[in-house]
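Student: Starting from these lines, generate the structure:
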Amino acid sequence: MRQQKRYQGWLSSMINYSGFLVLLTALLSSVVCLDVDAGEPDQRVDESVVSDQVRSSVGRLKSFGDESILKQYAPDPEREKDIQRLLPNYQVTQKGTSDRRIRDQAIKRLNKIQLTNSGRQMANNVVDKLSLFRRMPEVCFEVNPETYEYFVGHPDIVVSLWQAMGISGMKLRQTGKFKYELDNNDGTVCDLYYLRKSKTTNVIYCQGKFKSPLLKNPIQARGVLCLHSKFEKHKDGTIFVRHHADVFLRFPSPAVETAARLISPVSNYIADRNFQEISLFMHSISLTMARQPSWVQQIASQLPGVHPNRSRELQEIVRKNYQANQKRLATRWDEFQSPAL
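Tutor: Have a look, this model is predicted:
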């Protein structure tokens, strides 16, 4: 409970995502109680020191639903150093961009992804009349592959976790095999469809009414998000994912498109920053499952608004994550103990 309260302010600040870009990226997130002992077992730091460092870093996070973001949205190098010191297996490897050449490459890649006829039609409906494009930063981080895949593929579990922790009033319910309905309680209401689900490529279509603190009134919009993921196994047995997301947006009128372009320097920053935070959450919850599984299992047993089978599925994911990490550590210990030949 103490650890949950410690980070509740941080988690709460990340729920107030603004704008359509951020809403899409939020669907890929997970909720995490940050594991301060994130290094290897032989590199642990005094808990009180690490706790102070984390509090300092968390204190510099801004609420992205706050209009103060308009006044100051510069990167925070000191915070990045704190993250790198506490979580060395997390790294932003490429910055976000809206470059035309990258956009054209992303469209070609989307066109090559195998979709159903209806899915292709929905994607083309956005791309053929594209208003804005953004490639989220590329992030590389250690994560259990099953944990990563489960959270990316089950956004209702993500939202239910938020509710179980008492930090979000967002509602997301599954209404079909690949369809979800979202109500963010701020004027944002939309339908989401998974056009493709796989370990390396996930394509999500979204349409509805979206509210942003940067715009006076809610706007209608459609969008497609393509999450591309690649897994890498390192020599010590740890598995990393390297992922980025391409976001394609279509607005209903030139006037709305013009307004969106005017605020794009801010909305792009918000989206990029949130995607990095989301990746950090994914990394951290995987570490928490591997090293402090009881806390996550306790939360998993209290998920509101989801089928009981989903709660059991999540607890099984936690168990497998923990067992995989224990097996990896045992293998490394055996290698350390064995004399060199």
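Student: Check which helix or strand Asp272 maps to.
Tutor: Taking DSSP states H and E as the definition, one finds Asp272 inside helix 264-291.
Student: all helices for the protein, in order.
Tutor: Secondary structure of the chain by DSSP state H: the helices cover 2-15, 19-26, 47-59, 77-86, 100-112, 117-127, 145-153, 155-164, 254-262, 264-291, 293-300, 308-337.
Student: For Thr201, which of the ones you listed is the nearest?
Tutor: With CB to CB as the measure, helix 100-112 is the member of these nearest Thr201 (9.2 Å). Where you see a C-beta, it was placed from the backbone N, CA and C, and this is true even at glycine.
Student: Could you check the closest one and say which residues are buried?
Tutor: Burial within helix 100-112, assessed by neighbour count using 16 or more other CB atoms under 10 Å, is assigned to Arg103, Ala106, Ile107, Leu110.
Student: Equivalent analysis for stretch 233-245, please.
Tutor: Neighbour counts over stretch 233-245 (16+ other CB under 10 Å) mark Thr238, Ile239, Phe240, Val241, Arg242, His243, His244, Ala245 as buried.
Student: That one spans what distance, first to last residue?
Tutor: Taking CA to CA, to the nearest Å, the first and last residues of stretch 233-245 lie 21 Å apart.
Student: List the contacts of it.
Tutor: Identification of contacts with stretch 233-245 by CB atoms under 8 Å, 6 or more residues apart in numbering yields 24-25, 28, 89, 93-94, 135-145, 148, 225-232, 275, 279, 328, 331-332.
Student: list the contacts for Arg134?
Tutor: Going by CB under 8 Å, 6+ apart, Arg134 touches Leu21, Gly96, Thr97, Ser98, Asp246, Val247, Leu249, Asn268, Ala271, Asp272.
Student: Return the per-residue confidence for Phe240.
Tutor: Listed pLDDT for Phe240 reads 97.
Student: what's across from it in the sheet?
Tutor: Listed by DSSP bridges, the beta-bridge partners for Phe240 are Glu142, Glu232.
Student: Could you measure from it over to Asp191?
Tutor: 33 Å (CB to CB, to the nearest Å).
Student: Skipping its backbone neighbours, what lies nearest Leu195 in space?
Tutor: Gly119 (3.8 Å; CB to CB, 6 or more residues apart in numbering).
Student: Count the residues that sit near that neighbour.
Tutor: 19 (other CB atoms under 10 Å).
Student: Give me the below-cutoff pLDDT ranges for the stretch 1-150 of the chain.
Tutor: For the stretch 1-150 of the chain, the stretches flagged by pLDDT under 70 are 1-76.
Student: and Leu262, how far is that from Phe281?
Tutor: Taken as CB to CB, the span from Leu262 to Phe281 is 30 Å.
Student: more neighbours, the two?
Tutor: The neighbour comparison of Leu262 against Phe281 (other CB under 10 Å) goes to Phe281, with 21 against 12.
Student: what does the model give that one for pLDDT?
Tutor: 75.
Student: For it, give its distance to Pro145.
Tutor: 16 Å.
Student: On the pLDDT front, check Val247 for me.
Tutor: With respect to pLDDT, Val247 scores 94.
Student: So that it lines up with my notes, have the first residue be 50 from now on.
Tutor: Yep, numbering from 50; the last one is Val296 now.
Student: Can you name the residues bridging to it?
Tutor: Beta-bridge partners, per DSSP bridges, of Val296: Arg183, Leu274.
Student: these two touch, right, it and Met185?
Tutor: Yes - here Val296 reaches Met185: they are 6.9 Å apart, a contact under CB atoms under 8 Å.
Student: Arg169 - how many residues pack around it?
Tutor: 15.
Student: Ignore what I typed, I meant Arg340.
Tutor: Arg340 - counted by other CB under 10 Å - has 16 other residues nearby.
Student: Which among the helices of the chain is found nearest to Arg222?
Tutor: helix 204-213 (6.5 Å).
Student: from the chain's centre, how far out does the closest one sit?
Tutor: Taking CA atoms, centre = their mean, to the nearest Å, one finds helix 204-213 lying 13 Å from the centre of the chain it belongs to.
Student: and that helix, what does it pack onto?
Tutor: Judged by 3 or more CB pairs under 8 Å, 6 or more residues apart in numbering; DSSP states H and E, helix 204-213 is in contact with helix 194-202, strand 220-223, helix 342-349, helix 357-386.
Student: Highest mean neighbour count out of these?
Tutor: Comparing the helices and strands packed on helix 204-213 by mean neighbour count (mean count of other CB atoms under 10 Å), helix 194-202 comes out on top with a mean of 20.
Student: returning to that earlier point: nearest to Lys220, of the contacts of Arg183?
Tutor: Comparing the contacts of Arg183 against Lys220 with CB to CB places Leu70 closest, at 20.7 Å.
Student: re earlier: just the buried subset of the contacts of Arg183, please.
Tutor: Among the contacts of Arg183, those classed as buried by 16+ other CB under 10 Å are Leu70, Gly145, Thr146, Asp295, Val296, Leu298, Asn317, Ala320, Asp321.
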